[in-house]
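Student: Show me the folded form of this:
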Amino acid sequence: MDLKSTKASPVLTDPSPINNSRLGHHSGLFPYSQSGPSFSTSMLSIPRRKPGKLDDVWSNGWLDAMKSSSPPRKKVLKGFTNVELSSDDGEIAYCSWMIKYLSALNSFQQIMDSAKNRNIVMFLDYDGTLSPIVDDPDRAFMSADMRSAVKNVAKYFPTAIISGRNRDKVFELVGLTELYYAGSHGMDIMFPARETASLDHLNCVKSTDLQGKEVNLFQPASEFLPMINEIFRSLVEITKGIEGVKVENHKFCVSVHYRNVDEIVWPVVAQYVHDTLKYYPRLRLTHGRKVLEVRPMIDWDKGKAVEFLLQSLGYSNNNDVLPIYIGDDRTDEDAFKVLRKGNRGYGILVSSVPKESNAFFSLRDTSEVKEFLESLVRMKQQDAKILGEEQRAIFI
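Tutor: Numbers count the residues shown, from 1 in each chain. Modelled structure (predicted):
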């Protein structure tokens, strides 16, 4: 195949996900890798140039997806999407929306009732969940109170951070050794070393964490590393003249942030990404909050990462565990779907505006996330206190 003549269009997975009929049938936790040899575009010339016809990004729905993933805070659900509402009207709409997505704080006892005789495992997104969304991703810091809340939760429950960021960067921002970390939307997972034969076929490798403790690493897209590094350099070069664009290499995916780009220039950003992806038919595009994300075309996402971590932690029996996943972005919907299937666990959407979701419950913002985590800790401490009193009573 003459790579220079490749005309394959990049695959858009949001808002139209790839289905199994297109990828081929697969099962279990094996990641799907597109057939055919790997290739590098080092042979290709991708010169810096003007973007192609902007009709491309209109016709493939990219601009619509960019706008829908970045709604103005005052806009509400379908039926009202073109109506600017006052703060009072917005609050009414939000309260109506919460009839379907009940507050996880107000429903806390219901959640705890479901957790009776089951082990809670916590999964947390980072940006927009543990830290507020900010203009500069490098300054998305957790508050000291939030870090304390997460640290305390991890004392009582297995707790994992699953983020689109580079795993090392997430660890740097969180700074807690008690947690498990999954970066690049779950394509770079660090978890406890276990003598578990069932994990051998999943291509886990032994490694050590920053404290020298032995851990397992699972990286289902490792063969894509050279390609990811290459497209990162290409996107940095091709967008460097656009004010406000920030391109980040998250190891197994590349993020093109347009939060600080004038909206009138969004079509140019999208077209540059579109033009570059033409040379990488094994990579796909997804959308997040004011970010275009380029990922390997494998069947792996945050939902698969949740399943993998549950298995690696020894919770393959659904009756033994209640997974709770808290997140705010489109990429978290894959995890919400996994937990909703068969009422396996609870997804909790963090959002201050109404939007459709596969989550069961909702929280308004990071402050409510902190309050929910603190409620979990208080509940566990109270249970321990009651148990201790009952045990003392036995010996009196």
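
Student: By mean pLDDT, point me to the weakest helix or strand of the protein.
Tutor: Between all helices and strands in the chain, the lowest mean by mean pLDDT, DSSP states H and E belongs to helix 20-23, at a mean of 30.

Student: so residue 164 makes contact with residue 331?
Tutor: Yes - when contacts are counted by CB atoms under 8 Å, residue 164 is listed as touching residue 331 (5.9 Å). For every residue, glycine as well, the C-beta is placed using N, CA and C.

Student: In contact with residue 295, which residues?
Tutor: 184, 185, 187, 221, 252, 253, 283, 284, 285, 286 (CB atoms under 8 Å, 6 or more residues apart in numbering).

Student: which of these lies closest to residue 266?
Tutor: residue 285 (14.2 Å; CB to CB).

Student: Just to check, that closest one is in contact with residue 297?
Tutor: No - with contact defined as CB under 8 Å, residue 285 does not count as touching residue 297 (10.1 Å).

Student: Now do residue 300: how many residues are near it, please.
Tutor: A count of neighbours around residue 300, defined by other CB atoms under 10 Å, yields 24.

Student: intersection of neighbour lists for residue 164 and residue 331?
Tutor: With contacts taken as CB under 8 Å, 6+ apart, the residues that reach both residue 164 and residue 331 are 185, 288, 293.

Student: do you know how far the first one is from residue 328?
Tutor: To tie it back to what came earlier, the one meant is residue 185. Taking CB to CB, to the nearest Å as the measure, residue 185 falls 14 Å from residue 328.

Student: of these two, who's got more company?
Tutor: Counted by other CB under 10 Å, residue 185 and residue 328 do not tie: residue 185 has more neighbours, with 29 against 26.

Student: Low-confidence stretches in the stretch 251-396 of the chain?
Tutor: Filtered on pLDDT under 70, the stretch 251-396 of the chain yields the residue ranges 387-396.

Student: Correct me if wrong, but residue 299 is in a helix.
Tutor: No - residue state for residue 299 (DSSP: H, G, I helix; E, B strand; the rest coil) corresponds to coil; a helix is not indicated.

Student: what separates it from residue 154, distance-wise?
Tutor: Relative to residue 154, residue 299 is positioned 30 Å away (criterion: CB to CB).

Student: neighbours of the residue nearest to residue 357 when sequence neighbours are not counted, just the number please.
Tutor: Spatially, and ignoring its direct neighbours in sequence, residue 357 is nearest to residue 349 (4.6 Å; CB to CB, 6 or more residues apart in numbering). Per other CB under 10 Å, the neighbour tally for residue 349 reads 24.

Student: Residue 349: what secondary structure?
Tutor: Classification of residue 349 by three-state DSSP places it in strand.

Student: quick one: which helix or strand includes residue 238?
Tutor: In this structure, residue 238 sits in helix 225-239 according to DSSP states H and E.

Student: so what does that helix touch, helix or strand wise?
Tutor: Using 3 or more CB pairs under 8 Å, 6 or more residues apart in numbering; DSSP states H and E as the contact criterion, the elements in contact with helix 225-239 are strand 246-249, strand 254-257, helix 266-277, strand 283-288, strand 291-296.

Student: Torsion angles phi and psi at residue 260?
Tutor: Main-chain torsions, residue 260, degrees, to the nearest 10: phi -100, psi 20.

Student: Look up the closest residue to it, ignoring the ones flanking it.
Tutor: For residue 260, the nearest residue in space outside its immediate sequence neighbours is residue 244; the separation is 3.5 Å by CB to CB, 6+ apart.

Student: mind checking how far the one you found is from residue 275?
Tutor: Using CB to CB, one gets 19 Å for the distance from residue 244 to residue 275.

Student: Compare neighbour counts for those two and give me the winner.
Tutor: More neighbours surround residue 275 than the other of residue 244 and residue 275, with 20 against 14 (other CB under 10 Å).
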